[in-house]
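K.L.:
based on what follows, work out the 3D shape:
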Amino acid sequence: MRALLRSVLGLHRTLIVFCGAMAVLAVVSLVGLVVDDRTLLGVPVWMKPFKFAVSFGVYSLTLAWLLTLLKRAPVVARRLGDLIAGMSTVGVGLITLQAARGRQSHFNVSTPQDAAIFGLMGTLVTALWVVTIAVTGLVLLHRVGDRPTASALRLGLALCVAGMAEAYLMVGSTSNAGGVSGAHSVGVPDGGPGLPILGWSTTGGDLRVAHFAGLHALQALPLLLAALRALGTRVPVLADDGVRLGLVRVAATGFGGLLVLLTWQALRGEPLIYPGPSTVTAFAVLVAAVTSAAAAVVVAGARRVRTGPRPPVPARA
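P.N.:
Model prediction:
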């Protein structure tokens, strides 16, 4: 336990404190879900703070670890982490404030105060996106671990940046009247039937699906690599760095394809759980391509492991 505590305290301190605050907010929001029966658009008012607390907690914990790997620019990395923690605190704080007031936080321009809060949230989202791009640039310039690790982090960050950009589609391409500017759903009003907890629409398209997938690629790819390393102790071919590197790249490419597919599906007003023939066909093609590419990487790696390195050619006398 002491070793775990020391390792956690060795991460970016401000982001770790923010992560702890998000854990507290998640608990408070759960209590609010139990004792407060108010709803917004058919959803309990404390559901949004709970979801954002969990999401930002995971995001900040990941960055707290990642930024410690940037040994060549520790001061810049620390400042970027401080910026992310500060902006995230204000952003999640505004969402929590609106929930406590029983007001919609996103897309709400019905009063000058609500419009100001939503405008500030939009500014913070853009700033957070820019800072995350800066972190991505630093990771590209640094050697962070071995090649599979570096690839997982760089590609995960690139997909995370793309997932963040999905938020602009919610504001730019969907706009309703009546004090609301923008929407999560496409083809149906926000607040209709949705999936439990997640709230993603079951009657129309929902841009939050691709947004979620892109954001959490930053965790998915390093976790995939960790799983490959663990399996490598039992499956010799997965112990090869070249195989792990290839599989991480294939997974990232598949993740990017899924991000495009989910966005396309949402913009056509199609629910995630009720895909049409075009979506099913595209998904099947994507799965087949990713599976084939992964199989090719494993087969090539197995051949390399089996034959071993070629002996050096003796020099001629």
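K.L.:
quick one: low-confidence parts of the chain?
P.N.:
For the chain, the stretches with pLDDT under 70 are 1-10, 172-179, 308-317.
K.L.:
apart from its chain neighbours, what residue comes closest to the residue nearest to the spatial centre of it?
P.N.:
For the chain, the residue nearest the mean C-alpha position is L215 (1.7 Å; C-alpha atoms, centre = their mean). In space, and not counting its chain neighbours, L215 is closest to G163: 4.2 Å by C-beta to C-beta, 6 or more residues apart in numbering. For every residue, glycine as well, the C-beta is placed using N, CA and C.
K.L.:
in terms of helices and strands, where is the one you found?
P.N.:
Using DSSP states H and E, G163 maps to helix 147-172.
K.L.:
for that helix, which helices and strands make contact with it?
P.N.:
helix 112-141, helix 208-215, helix 217-231, helix 241-267 (3 or more C-beta pairs under 8 Å, 6 or more residues apart in numbering; DSSP states H and E).
K.L.:
how many neighbours does the spatially closest residue to I16 that is not a sequence neighbour have?
P.N.:
Leaving out its chain neighbours, the residue that sits closest to I16 by C-beta to C-beta, 6+ apart is A64, at 5.2 Å. Neighbourhood size, A64 [other C-beta atoms under 10 Å]: 23.
K.L.:
try F52
P.N.:
F52 has 21 nearby residues by other C-beta under 10 Å.
K.L.:
start at 28, not 1
P.N.:
Okay, using 28 as the starting number, the last item reads as F79.
K.L.:
any idea which element it lies in?
P.N.:
Applying DSSP H and E, one finds F79 within helix 74-93.
K.L.:
tilt between the helix or strand that that helix is followed by and helix 74-93?
P.N.:
Next in sequence after helix 74-93, counting helices and strands by DSSP H and E, comes helix 101-128. Orientation check (axes from the mean of the first three to the mean of the last three C-alpha atoms, to 10 degrees): helix 101-128 against helix 74-93 gives 170 degrees.
K.L.:
what is helix 101-128 packed up against?
P.N.:
Here helix 101-128 touches helix 40-62, helix 74-93, helix 139-168, going by 3+ C-beta pairs under 8 Å, 6+ apart.
K.L.:
hey, which of those is tucked in deepest?
P.N.:
helix 74-93 (a mean of 21; mean count of other C-beta atoms under 10 Å).
K.L.:
against which helices or strands is that helix packed?
P.N.:
helix 40-62, helix 101-128, helix 139-168, helix 244-258.
K.L.:
I'd like those helices as a markdown table, with distance to W73 appended.
P.N.:
As requested, the helices and strands packed on helix 74-93 are exported to a markdown table (distance: least, C-beta to C-beta, whole Å):
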| stretch | distance to W73 |
| --- | --- |
| helix 40-62 | 3 |
| helix 101-128 | 6 |
| helix 139-168 | 17 |
| helix 244-258 | 24 |
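K.L.:
re earlier: ok, the residue nearest to I43 to A179 distance?
P.N.:
A91 is 17 Å from A179, where distance means C-beta to C-beta, to the nearest Å.
K.L.:
quick one on the thing from earlier: contact partners for the residue nearest to the centre of the chain?
P.N.:
S82, Y86, C187, G190, M191 (C-beta atoms under 8 Å, 6 or more residues apart in numbering).
K.L.:
nearest to R174, of these?
P.N.:
C187 (20.0 Å; C-beta to C-beta).
K.L.:
quick one: neighbours of the closest residue to the closest one other than its chain neighbours, just the number.
P.N.:
Leaving aside its sequence neighbours, C187 sits nearest to L245 (C-beta to C-beta, 6+ apart; 4.2 Å). For L245, the count of nearby residues is 26 (other C-beta under 10 Å).
K.L.:
any idea how far L245 is from R181?
P.N.:
Taking C-beta to C-beta, one finds L245 at 10 Å from R181.
K.L.:
one more: S115?
P.N.:
22 Å.
K.L.:
rewinding a little: burial of the residue nearest to L242, as a residue count?
P.N.:
22.
K.L.:
what residues are up against it?
P.N.:
Contact analysis of G190 by C-beta under 8 Å, 6+ apart lists A237, H238, F239, A240, G241, L242, H243, A244, L286.
K.L.:
ok, the second one touching C187?
P.N.:
No - assessed by C-beta atoms under 8 Å, H238 is found out of contact with C187, at 10.7 Å.
K.L.:
more neighbours, those two?
P.N.:
C187 (26 against 23).
K.L.:
my read is that that one contacts A247, right?
P.N.:
No - counting by C-beta under 8 Å, C187 does not reach A247; the two are 9.9 Å apart.
K.L.:
where's A322, which helix or strand?
P.N.:
Using DSSP H and E, A322 sits within helix 304-334.
K.L.:
circling back: want to throw the contacts of L242 into CSV with distance to G296?
P.N.:
Below are the contacts of L242 laid out as CSV (distance: C-beta to C-beta, whole Å):
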residue, distance to G296
S82, 25
Y86, 29
C187, 26
G190, 21
M191, 23
